[in-house]
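K.L.:
turn this into a model:
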Amino acid sequence: EEVVKGHFCDDVVLCQLGCGEVYCSSECCAEAFRRGHRLLCVGPLTVESALYKFKIAALETGSEEFFLGAQIVAQVICEAQQLAGDGNPVAATHVQQALQPIQVFEAPLPWWEVVAVPAEEQRDSKGFRALLCEQ
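P.N.:
Numbers count the residues shown, from 1 in each chain. Here you go, the predicted structure:
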């Protein structure tokens, strides 16, 4: 564990795997690792790995939604693995339990019904939404 001085708090902790993530303490680092960072860390990966390429593409778009989605999926996977226990297979019930905390954010309608319609498509919003469903 590498502690660095001079950041926004007294001492910060860098990810042990070398990806560059910064944490306020070793406890926060361990918690992040437990909650999914271990699946998303690119520190030990090469630039040819799919995860590394995903992160670069997400950074280039400037869209944090990609990172948020990846973090949610990773957290659900890690939580399901913890519920199953060491070395045990993950069952559907474990995944359902792991999903419970985030299901409060579930939209009551499918995404294509709530997505904003571009200004040029306002006259035919029904057709625009139908096009989204086809793709």
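K.L.:
rest of the way, CA atoms for contacts and neighbours
P.N.:
Will do.
K.L.:
for residue 97, grab the count of nearby residues.
P.N.:
Residue neighbour count, defined by other C-alpha atoms under 10 Å, stands at 13 for residue 97.
K.L.:
mind listing what it touches?
P.N.:
By C-alpha atoms under 8 Å, 6 or more residues apart in numbering, residue 97 lies in contact with residue 80.
K.L.:
check which helix or strand it maps to.
P.N.:
Assigned by DSSP states H and E, residue 97 falls within helix 92-99.
K.L.:
neighbours of residue 12, how many?
P.N.:
19.
K.L.:
confirm it sits in a helix?
P.N.:
No - Residue 12 is assigned strand when assessed by DSSP: H, G, I helix; E, B strand; the rest coil, not a helix.
K.L.:
so how far is the longest helix along the chain from its chain's centroid?
P.N.:
Ranked by number of residues, the top helix in the chain under DSSP state H is helix 64-84. Offset of helix 64-84 from its chain centre (C-alpha atoms, centre = their mean, to the nearest Å): 6 Å.
K.L.:
got the buried residues for that helix?
P.N.:
For helix 64-84, the neighbour count (16 or more other C-alpha atoms under 10 Å) marks 70-71, 74-84 as buried.
K.L.:
can you show me the strands along the protein?
P.N.:
Taking DSSP state E to define them, one finds strands in the chain at 2-5, 11-14, 22-23.
K.L.:
now do the second one, average pLDDT.
P.N.:
The pLDDT scores in strand 11-14 average 86.
K.L.:
using CSV, list the CA coordinates for that strand.
P.N.:
Taking Å, rounded to 0.1, in the frame of the first residue of the first chain, the C-alpha atoms of strand 11-14 are listed here in CSV:
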residue,chain,number,x,y,z
ASP,A,11,-2.6,11.0,3.4
VAL,A,12,-4.1,9.2,0.4
VAL,A,13,-3.8,5.5,-0.5
LEU,A,14,-3.2,4.4,-4.1
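K.L.:
low-confidence stretches in this protein?
P.N.:
1-10, 107, 111-112, 135 (pLDDT under 70).
K.L.:
tell me the centre residue of it?
P.N.:
residue 71 (1.8 Å; C-alpha atoms, centre = their mean).
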